[in-house]
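Peer 1: starting from these lines, generate the structure:
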Amino acid sequence: PARLCRRHRRVARIAAGMNVPSPQRWLRNVRRAIAQLPRPRVGRIPDAPATPVRDPWPGDPGRGNTIVSGILPLPGASRPLRPGDWNDVSGSAILRSEANGFSWLRDLRALGTDAARLRARLLVGDWIAAPPADPLAYRPDTTGARIAAWFGHYDFFAATADDGFRQRLMARLALDARDLAVALPTEEIDGRALTAIKGLIAASVALPDQSTYLTKALKFLNQELARQVLVDGCHAERSPAAHLAALQDLIEIRALLQAGHTVPPVALTNAIERMAPALRVLCHADNRLALFNGSREGDTATIEAVLTQSGRGGRGASALNSSGFHRLQFEPGWMLMRRQFKGRRLGHVYIYRELMPGAAGQPAPATSPVPASTPAAASPAAPAGAPASAPGSSRATTPPPPVSSSSAVPAAGSLGARATTTKGAQPSPPVKP
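Peer 2: Residues are numbered from 1 along each chain as shown. Okay, the predicted model is just below:
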């Protein structure tokens with residue numbers, strides 16, 4: 001601003017106060033407005049997807065039964081999911097995006113009953129008849145998830161429907177795909193960009209007349225892969241949950257390209273091959289996700305399906321150097337523990353055991369020891385119950401809820417390990433390793 005003349009400095013200050021959008025956002029808004037204008041129909045919208053596409057991930061029948069009853073459950077939250085509830089903007093953005101993304105259709109499919117099929121058809125038809133006013137329902141990642149879900153479960157809820165329903169469904173899919181193509185590149189610079197790209201690729205496979213969709217999606221896919229997948233295969237967000245979601249999207253993208261008889265880009269294949277071993281590093285010994293950086297344990301069946309479909313077997317690496325994660329391996333009896341001092345939880349983590357190795361009358365460990373052959377994982381600046389600090393690292397993970405002094409966390413085989421209550425008296429002062 002110091003280089004501008006007095007008049008231009010005043011204009012710059014006015015523009016800053018008016019919150020003028022960036023040129024990229026302004027152009028995106030213009031393209032989106034043009035795309036939504038009525039236009040003469042150039043080609044006929046097909047009555048069904050040109051290429052069958054199926055969602056590859058397992059669903060939860062119990063969750064599907066809850067959805068049939070009119071409730072969408074998520075870990076720690078839920079919301080009504082009935083016809084007419086689409087304009088309900090209560091709840092978090094994650095919950096609303098999940099509802100409008102329709103990825104829960106796989107749970108109804110896993111349930112597999114006629115009631116589940118009719119419920120899926122009823123909810124999709126109600127959304128098409130009265131689209132919600134919530135802007136989050138049209139965010140690129142939400143739109144991409146919805147397109148992929150409707151195409152991926154088309155044979156479950158729409159193949160046996162009447163012609164009018166199928167025509168309305170395909171018309172809405174064509175409209176959403178056109179809006180999504182205009183919205184790329186997305187303003188979201190995290191894993192949600194991959195979900196948006198996945199939706200556009202699904203549309204290009206199911207609507208072969210729109211060949212420009214595939215060209216545009218592959219262009220931005222290569223850019224996102226270079227930006228989001230680190231050299232060691234870890235996702236740039238360094239979150240186990242974000243890593244799993246990104247790898248799922250990439251595996252789906254590869255399957256969609258193969259269904260459309262398109263050779264997947266080399267960068268996509270390499271990214272999947274690097275991310276699969278990294279996912280093993282970020283999992284517990286029981287194939288559940290580590291508990292740090294906003295992650296929850298996740299579903300074991302989904303994680304195993306992702307590892308299987310990635311085509312990479314074997315154990316994970318001992319370290320993810322680019323992302324700063326390392327695995328620690330402890331002998332039986334050692335554990336990670338957070339202590340208290342004068343009623344205040346301490347912010348650091350001790351490596352602890354009841355007695356030093358070889359001491360006479362050594363008591364049995366308070367918790368069931370995890371076999372030492374299972375490597376324990378660690379991350380830089382990790383809290384209790386999460387990976388311990390890697391030397392010389394300045395990166396930090398988001399701490400989970402603190403573990404009290406009466407809790408012990410087995411170190412072996414645990415990354416962001418779950419707490420196990422220790423019975424009896426307070427433990428003796430921790431021993432430095």
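Peer 1: which residues touch residue 58?
Peer 2: Residues near residue 58 by Cβ atoms under 8 Å, 6 or more residues apart in numbering: 106, 110, 299, 301, 302, 305. Heads up, the C-betas are built off the backbone N, CA and C, glycines and all.
Peer 1: which one of those is nearest residue 343?
Peer 2: residue 299 (37.8 Å; Cβ to Cβ).
Peer 1: burial count for the spatially closest residue to that closest one that is not a sequence neighbour?
Peer 2: Spatial nearest neighbour of residue 299, excluding adjacent residues (Cβ to Cβ, 6 or more residues apart in numbering): residue 60 at 7.0 Å. For residue 60, the count of nearby residues is 18 (other Cβ atoms under 10 Å).
Peer 1: so what secondary structure elements neighbour the helix or strand hosting residue 65?
Peer 2: Per DSSP states H and E: residue 65 is located in helix 61-68. On a contact count with 3 or more Cβ pairs under 8 Å, 6 or more residues apart in numbering; DSSP states H and E, helix 61-68 meets strand 71-74, helix 105-111, helix 114-129.
Peer 1: what is the orientation angle of that helix with helix 114-129?
Peer 2: Note on geometry: by axes from the mean of the first three to the mean of the last three Cα atoms, to 10 degrees, helix 61-68 and helix 114-129 are set 50 degrees apart in direction.
Peer 1: residues making contact with helix 61-68?
Peer 2: 72-73, 81, 104, 107-113, 115-116, 119.
Peer 1: tabulate these (CSV), appending pLDDT, distance to residue 270 and neighbour count.
Peer 2: Shown next, in CSV, are those (pLDDT from 0 to 100; distance: Cβ to Cβ, whole Å; neighbours: other Cβ atoms under 10 Å):
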residue, pLDDT, distance to residue 270, neighbour count
72, 95, 36, 22
73, 93, 37, 17
81, 94, 39, 21
104, 96, 32, 23
107, 97, 32, 23
108, 97, 35, 28
109, 97, 32, 22
110, 96, 32, 18
111, 96, 37, 22
112, 93, 37, 13
113, 95, 42, 13
115, 96, 44, 14
116, 97, 38, 23
119, 97, 41, 23
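Peer 1: ok, these vs residue 331, which is closest?
Peer 2: Using Cβ to Cβ, these come closest to residue 331 at residue 73, 40.8 Å.
Peer 1: so residue 82: helix, strand or coil?
Peer 2: Look at residue 82: counting by DSSP: H, G, I helix; E, B strand; the rest coil, its state is coil.
Peer 1: for residue 150, see how far away it is.
Peer 2: 19 Å (Cβ to Cβ, to the nearest Å).
Peer 1: those two: who's more crowded?
Peer 2: Using other Cβ under 10 Å as the criterion, residue 82 and residue 150 rank with residue 150 on top: 28 against 15.
Peer 1: which residue packs closest to the more buried one, ignoring adjacent ones?
Peer 2: Nearest to residue 150 is residue 173, by Cβ to Cβ, 6+ apart, at 6.0 Å.
Peer 1: so what's the most centrally placed residue in the chain up against?
Peer 2: With distances taken as Cα atoms, centre = their mean, residue 245 lies nearest the centre of the chain, 3.1 Å away. Going by Cβ under 8 Å, 6+ apart, residue 245 touches 191, 195.
Peer 1: roughly how far does it sit from residue 252?
Peer 2: For residue 245, the distance to residue 252 equals 11 Å [Cβ to Cβ].
Peer 1: just residue 349 next, same as before
Peer 2: 37 Å.
Peer 1: please apply the same query to residue 104.
Peer 2: To residue 252, residue 104 is 16 Å away according to Cβ to Cβ.
Peer 1: same question, residue 215
Peer 2: 19 Å.
Peer 1: please apply the same query to residue 197.
Peer 2: Taking Cβ to Cβ, one finds residue 197 at 10 Å from residue 252.
Peer 1: neighbour count for the two, which is higher?
Peer 2: Neighbours were counted for residue 197 and for residue 252 using other Cβ under 10 Å; residue 197 has more, 29 against 23.
Peer 1: hmm, the more buried one is touching residue 185, no?
Peer 2: No: between residue 197 and residue 185 there is no contact under Cβ atoms under 8 Å: 9.2 Å.
Peer 1: list residues touching both of those two?
Peer 2: residue 220.
Peer 1: lowest average confidence across helices and strands of this structure, where is it?
Peer 2: strand 407-410 (a mean of 32; mean pLDDT, DSSP states H and E).
Peer 1: about what we covered before: now do the contacts for the residue nearest to residue 299.
Peer 2: 107, 110, 299.
Peer 1: of all the residues you listed, which comes closest to residue 45?
Peer 2: residue 107 (28.7 Å).
Peer 1: any weak-confidence spans in this structure?
Peer 2: Along the chain, segments meeting pLDDT under 70 span 1-43, 312-316, 357-433.
Peer 1: the strands in it, which residues?
Peer 2: 71-74, 77-80, 319-320, 325-328, 335-337, 340-341, 344-345, 350-352, 376-378, 407-410, 420-421 (DSSP state E).
Peer 1: what distance do you get for the spatially closest residue to residue 68 that is not a sequence neighbour to residue 129?
Peer 2: Using Cβ to Cβ, 6+ apart and skipping the chain neighbours, the partner closest in space to residue 68 is residue 119 (5.0 Å). Residue 119 sits 16 Å away from residue 129, going by Cβ to Cβ.
Peer 1: now residue 355
Peer 2: 69 Å.
Peer 1: also residue 80?
Peer 2: 18 Å.
Peer 1: likewise for residue 99?
Peer 2: For residue 99, the distance to residue 129 - Cβ to Cβ - is 16 Å.
Peer 1: restricting to C-alpha, output the helix holding residue 65 in PDB.
Peer 2: Extracted in PDB, the C-alpha atoms of helix 61-68 (Å, rounded to 0.1, in the frame of the first residue of the first chain):
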ATOM      1  CA  PRO A  61     -27.000 -52.300   9.000                       C
ATOM      2  CA  GLY A  62     -27.600 -51.100  12.600                       C
ATOM      3  CA  ARG A  63     -27.100 -47.500  11.400                       C
ATOM      4  CA  GLY A  64     -29.300 -48.200   8.500                       C
ATOM      5  CA  ASN A  65     -32.100 -49.300  10.800                       C
ATOM      6  CA  THR A  66     -31.800 -46.000  12.700                       C
ATOM      7  CA  ILE A  67     -32.000 -44.100   9.500                       C
ATOM      8  CA  VAL A  68     -35.200 -45.900   8.600                       C
END
